[in-house]
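Chemist: Predicted structure and sequence below. I'll ask about it afterward.
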Amino acid sequence: MTRFRHFTLRQWLPAPPEAVWARVVTPAGINDELFPWISMSLPAASLPPGASANLAVGRCWLRLFGVLPFDYDDLFIARLVPFSFDERSRMLAQRHWLHRRRVRAVDGGTELVDRIGFVPSLPWLAAVYLPLVRAVFRWRHRRLRRHFSDFPVPR
């Protein structure tokens with residue numbers, strides 16, 4: 001059996017948590033984080049207002065350069081509360097996928113923490129997936145830094 005691979009990335013952003021959260025949970029924000037390498041379609045039926053747990057969002061297609069489908073994510077939100085979510089999904093390339101995102105206030109801004117874990121569908125590709133998925137999330141964090149770089153720093 002293939003073991004669970006995981007890593008954590010932390011990012012400080014010069015914006016209040018409300019602004020960061022409002023960005024990172026929207027389809028536009030998600031796709032901006034992934035641009036230009038990947039886009040992600042989201043089902044038209046979005047999260048219902050007040051939803052907090054066990055939400056089967058539906059199949060989301062991942063497209064290389066926004067055009068070529070290369071994977072899907074059967075998106076399942078196990079937990080959703082203000083400034084925090086736990087996604088536990090199944091993908092074509094990943095038998096198990098976990099994405100935990102936390103947004104919290106810190107001095108002068110916000111700390112965003114992503115914890116990613118997965119078990120590849122093809123165990124022999126685990127050594128390739130870990131650096132690839134880590135690179136995608138590093139890119140996402142760079143995109144968030146860029147987006148919030150001009151944000152007025154809270155005092």
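Modeler: Cool, the structure landed.

Chemist: Please report the distance of Glu87 from Pro14.
Modeler: 26 Å (CB to CB, to the nearest Å). The C-beta positions use only the backbone N, C-alpha and C, and glycine is treated the same way.

Chemist: Same question for Ala93.
Modeler: Going from Ala93 to Pro14 by CB to CB gives 34 Å.

Chemist: How about Leu112?
Modeler: Separation of Leu112 from Pro14 (CB to CB): 12 Å.

Chemist: and if you look at Gln94?
Modeler: Separation of Gln94 from Pro14 (CB to CB) stands at 33 Å.

Chemist: Comparing the two, which residue is more hemmed in?
Modeler: Between Gln94 and Pro14, counted using other CB atoms under 10 Å, Gln94 has the larger neighbour count: 21 against 17.

Chemist: doesn't Asp73 fall inside a strand?
Modeler: Yes - under DSSP: H, G, I helix; E, B strand; the rest coil, Asp73 falls within a strand.

Chemist: Please list the outside residues in contact with the helix or strand of the chain with the lowest mean pLDDT.
Modeler: Counting by mean pLDDT, DSSP states H and E, the chain has its least confident helix or strand at strand 53-64, which shows a mean of 92. Residues outside strand 53-64 that contact it (CB atoms under 8 Å, 6 or more residues apart in numbering) are 37-43, 45-48, 69-80.

Chemist: In contact with the residue nearest in space to the middle of the chain, which residues?
Modeler: Nearest residue to the geometric centre of the chain (CA atoms, centre = their mean): His99, 6.2 Å. By CB under 8 Å, 6+ apart, the contact set of His99 is 85-87, 89, 114-116.

Chemist: what about 10 Å?
Modeler: Residues near His99 by CB atoms under 10 Å, 6 or more residues apart in numbering: 73, 75, 77, 85-89, 114-118, 133, 137.
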